[in-house]
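Student: Give me a model of this one.
(chains A and B)
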Number of protein chains: 2
Amino acid sequence: MRPLEEVFGCCPKGLEEIKALPIRWDRERFAFWLKQDYPFVEALYRYQVALLQDAPQPHRFPLVQALMATVEELDWLLAQGADPQGEVHPVRQEYIALLSEMGALPYPYRLVFFYFLNRLFLEAWNAHVEGEGPWQELFEHWSAPEFQAVLFDLEVMAQGQVEGLDPAVLERYLARILGMEKKTWSLLL
Amino acid sequence: MRPLEEVFGCCPKGLEEIKALPIRWDRERFAFWLKQDYPFVEALYRYQVALLQDAPQPHRFPLVQALMATVEELDWLLAQGADPQGEVHPVRQEYIALLSEMGALPYPYRLVFFYFLNRLFLEAWNAHVEGEGPWQELFEHWSAPEFQAVLFDLEVMAQGQVEGLDPAVLERYLARILGMEKKTWSLLL
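Tutor: From the prediction side, this is the model:
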């Protein structure tokens, strides 16, 4: 068995680079960046619904909870002024294309990558975003015990799937997800 | 505009017939009937996930809540001893086939039929099932204010979709759903 942490540990440099990005803090700029997040979160919604199509019964409850969080995030982004018809930034387009590519893989890979996405997002978010600001509501949402419990469930589910998967495939996509996270956060440099 | 109630009023006889079925009350028999409900609820889960694929953002929150209720119902049926690999009764098979057929229709029809299914189920359930028994937990679940709110949201959403739909198609499927509900409850005669 190759534990999830071993796969996740493949690329510590990538995550440290993201956390160390010298982001320039500007509330309005960050709010604009968040609004532009809408098309990516919409693509993540579709990725999650497709996961639910193939999820075994024990996986469904946490995945539905995670889907609910995504729906709430889309509502929140709309309330912040996100425009679903707006032009999509090339970096977001590239990340959406990666999601679409991963969406064609078998269920166990898609589940593990969904866990990676959530974990990386949260680690980067916690490193960069302070509790105060126009994103405070979202910050509190991600920090809520309820969502932490969902993440814990995702981790246990991913751990249960990782055995039998090709470590090279896992590491390749993890590196690509890390690359996209770095590009996305770098929009704030 | 043709209001939802007018469509729903097409077949009052069908619903009255279901409510008036002289069901023989036997706890064990009813528990067995409920367990056999598993494959139908599983098919309903798939119908709901497919709805979420096409749902516009304002519809998603209530539909995810309804999906959560279905996942909980599947867990509950498993806890009651339902066997996912068990043989499926021909009446349940027929109802599953109807769900599958409806699943090929455009989103507005599927949404309206999902509302019909929930409403008919609840009306029949309330007419036949008492609060006490092995199904008490489920009974309380359906009667909970939270789920009543979901049903109300479904009604408002269905009302918003019904305009522009072909009343003949709506009535034809409503009559077929009523027919399947009658056959399903008749298994308890």
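Student: Any buried residues in the helix or strand containing A:Gln148, and which?
Tutor: Assigned by DSSP states H and E, A:Gln148 belongs to helix A:145-162. By 16 or more other C-beta atoms under 10 Å in any protein chain shown, the buried positions in helix A:145-162 come out as A:Phe147, A:Val150, A:Leu151, A:Asp153, A:Leu154, A:Glu155, A:Met157, A:Ala158, A:Gln161, A:Val162. C-beta coordinates here come from the backbone N, C-alpha and C atoms, glycine included.
Student: now, which of those sits nearest B:Asp83?
Tutor: Nearest to B:Asp83 out of the buried residues of helix A:145-162 is A:Met157 (C-beta to C-beta; 23.4 Å).
Student: what's the helix or strand for the closest residue to that closest one other than its chain neighbours?
Tutor: Distance criterion C-beta to C-beta, 6 or more residues apart in numbering or on different chains; nearest residue to A:Met157, sequence neighbours excluded, is A:His59 at 5.4 Å. Element membership of A:His59 [criterion: DSSP H and E] is helix A:57-79.
Student: quick one: that helix to helix B:57-79, angle?
Tutor: Here helix A:57-79 points in a direction 160 degrees away from that of helix B:57-79 (axes from the mean of the first three to the mean of the last three C-alpha atoms, to 10 degrees).
Student: who does the next helix-or-strand element following helix A:57-79 touch, helix- and strand-wise?
Tutor: Next along the chain after helix A:57-79, taking DSSP H and E as the criterion, comes helix A:90-102. In terms of contacts (3 or more C-beta pairs under 8 Å, 6 or more residues apart in numbering or on different chains; DSSP states H and E), helix A:90-102 is packed against helix A:38-54, helix A:107-128, helix A:167-186.
Student: May I see the buried residues of helix A:90-102?
Tutor: Counting neighbours by 16+ other C-beta under 10 Å, the buried set in helix A:90-102 is A:Val91, A:Arg92, A:Tyr95, A:Ile96, A:Leu98, A:Leu99, A:Met102.
Student: Just the CA coordinates for it, please, in PDB.
Tutor: Extracted as PDB, the C-alpha positions of helix A:90-102 are listed here (Å, rounded to 0.1, in the frame of the first residue of the first chain):
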ATOM      1  CA  PRO A  90      -6.600  32.200 -19.700                       C
ATOM      2  CA  VAL A  91      -5.200  30.800 -16.500                       C
ATOM      3  CA  ARG A  92      -8.700  29.900 -15.300                       C
ATOM      4  CA  GLN A  93      -9.400  28.400 -18.700                       C
ATOM      5  CA  GLU A  94      -6.300  26.200 -18.400                       C
ATOM      6  CA  TYR A  95      -7.400  25.000 -14.900                       C
ATOM      7  CA  ILE A  96     -10.900  24.300 -16.200                       C
ATOM      8  CA  ALA A  97      -9.400  22.200 -19.000                       C
ATOM      9  CA  LEU A  98      -7.300  20.300 -16.500                       C
ATOM     10  CA  LEU A  99     -10.500  19.500 -14.500                       C
ATOM     11  CA  SER A 100     -12.200  18.400 -17.700                       C
ATOM     12  CA  GLU A 101      -9.300  16.100 -18.500                       C
ATOM     13  CA  MET A 102      -9.300  14.600 -15.000                       C
END
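Student: quick one, it and helix A:167-186 angle?
Tutor: For helix A:90-102 and helix A:167-186, the angle between their directions (the same axes, to 10 degrees) works out to 160 degrees.
Student: and helix A:90-102 with helix A:38-54, angle?
Tutor: Going by the same axes, to 10 degrees, helix A:90-102 makes 10 degrees with helix A:38-54.
Student: Without its sequence neighbours, what residue ends up closest to A:Gly14?
Tutor: A:Gly14 sits nearest to A:Leu178 (C-beta to C-beta, 6+ apart), 3.6 Å away.
Student: quick one on the thing from earlier: among the buried residues of helix A:145-162, which has the minimum pLDDT value?
Tutor: Lowest pLDDT within the buried residues of helix A:145-162 is found at A:Phe147 (78).
Student: how near is that residue to A:Pro22?
Tutor: Per C-beta to C-beta, to the nearest Å, A:Phe147 is found 28 Å from A:Pro22.
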